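*Asks:* Okay, here's the prediction I keep looking at, along with the sequence it came from:
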Amino acid sequence: MMKKALICGISGQDGAYLAQLLLNQGYTVCGTSRDAQISPFSNLVYLGIRQQVKLESMALTDFRSVLQVLTKIQPDEIYNLAGQSSVGLSFGQPVETLESIATGTLNLLEAVRFLGKPIKLYNAGSSECFGDTGDTAADETTPFRPRSPYAVAKATAFWEVANYREAYGLFACSGILFNHESPLRPERFVTQKIVAAACRIAQGSKEQLYLGNMQIQRDWGWAPEYVEAMHLMLQQQQPDDYVIATGESSSLEDFVSAAFASVNLDWREHLVIDNSLLRPTDLEVGRGNPAKAENQLGWQAKYKMKDVVQMMVKARLAKS
């Protein structure tokens, strides 16, 4: 039997790579966006799979809309990657962030429970939920101390998933993913902002790159690998939650240095520190311990920060 997957938030980075992965595995793939009629789905176009995916309009914050789409599509697997995706933006839009992530996830869980069919649900958790873990690498038992409206919303959704799994026996998992990047990242994400600026400067632009706190450390991985872990979670005998990370952290300064070095530039000549870019609260260090995913899913990150930078720069230069 050909499996059918519903990807909520298919227009984003992870949704597009996941769609590609599932199509390659023989799935029928359906995707949702708030208005499928006007959404350009440029990431699906970039990957050359726009015509292979069935697209539906669905508002995750509207229970009737969710129920209608689930009844129409009848998926075997649902991947919930939708919702406001920017930590920085969440400080300015805390209500929209909480509703799109927490209420959206709850509506999906409740619709799956209501329909009573054996639908498996993957929920996109976030390493932001951990807050500052200092020198300790966070794993599945590390307590949450969220430090942004985005992280608060993701923590809420995580516990909703755990509650429905325990209370109603739903096959529902959360992947607690650390930062993962790719050429599909928009420029409002700092990684793509850095890569794009380095490439433009290398091609003659006289601009400067403006950044905030250069000392923050993050565990950066490669998005196409991380979607493989999402799929693996729904192929297990039992539903569970997993940290997905490389296990290595680098500072933002290291990332900038690697990006500029890959186009033979010295980053120090092109950078301006801009204090207006500092967040009200930020995490100093983010580092994950992916041992459980390695042991139980057989998943391990092949690409680390420097590989990710090189692949992003290469893709950017190819586009320009």
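*Replies:* Arrived safely.

*Asks:* quick one, what contacts residue 171?
*Replies:* Applying C-beta atoms under 8 Å, 6 or more residues apart in numbering, we find residue 171 in contact with 118, 119, 120, 121, 165, 234, 239. Just so you know, the C-beta spots here come from the backbone N, C-alpha and C atoms, and that holds for glycine as well.

*Asks:* Quick check: it vs residue 296, distance?
*Replies:* Here the distance between residue 171 and residue 296 works out to 15 Å (C-beta to C-beta, to the nearest Å).

*Asks:* Setting aside sequence neighbours, what's the nearest residue to residue 266?
*Replies:* For residue 266, ignoring the flanking residues on the chain, the nearest one in space by C-beta to C-beta, 6 or more residues apart in numbering is residue 260 at 6.6 Å.

*Asks:* Would you mind confirming that that neighbour makes contact with residue 254?
*Replies:* No. Contact criterion C-beta atoms under 8 Å: residue 260 and residue 254 do not qualify, at 11.2 Å.

*Asks:* These two: which is more packed in?
*Replies:* Remark: of residue 260 and residue 254, residue 260 carries more neighbours, 26 against 17, as counted by other C-beta atoms under 10 Å.

*Asks:* hmm, who's touching the helix or strand where that one lies?
*Replies:* Assigned by DSSP states H and E, residue 260 belongs to helix 252-261. Helix 252-261 is contacted from outside by 190-191, 194-195, 198, 201, 209, 211, 213-218, 220, 266-267, 270-271, 305-306, 309-310, 312-313, using C-beta under 8 Å, 6+ apart.

*Asks:* change it to 7 Å
*Replies:* By C-beta atoms under 7 Å, 6 or more residues apart in numbering, the list of residues contacting helix 252-261 from outside reads 191, 194-195, 198, 211, 214-216, 220, 266-267, 270-271, 305-306, 309, 313.

*Asks:* One more: stretch 41-58?
*Replies:* 8, 10-13, 16, 19-20, 23, 29-37, 65-66, 69, 73, 184.

*Asks:* Among those residues, which ones are in strands?
*Replies:* With DSSP state E as the criterion, strands contain 8, 29, 30, 31, 32, 33 from among the contacts of stretch 41-58.

*Asks:* Apart from its chain neighbours, what residue comes closest to the fourth one?
*Replies:* Spatially, and ignoring its direct neighbours in sequence, residue 31 is nearest to residue 10 (2.8 Å; C-beta to C-beta, 6+ apart).

*Asks:* Which strands or helices does the helix ranked longest in the chain pack on?
*Replies:* Ranked by residue count under DSSP state H, the longest helix found in the chain is helix 149-168. Based on contacts counted as 3 or more C-beta pairs under 7 Å, 6 or more residues apart in numbering; DSSP states H and E, the elements that helix 149-168 packs against are helix 87-90, helix 94-98, helix 104-115, strand 120-126, strand 172-177.
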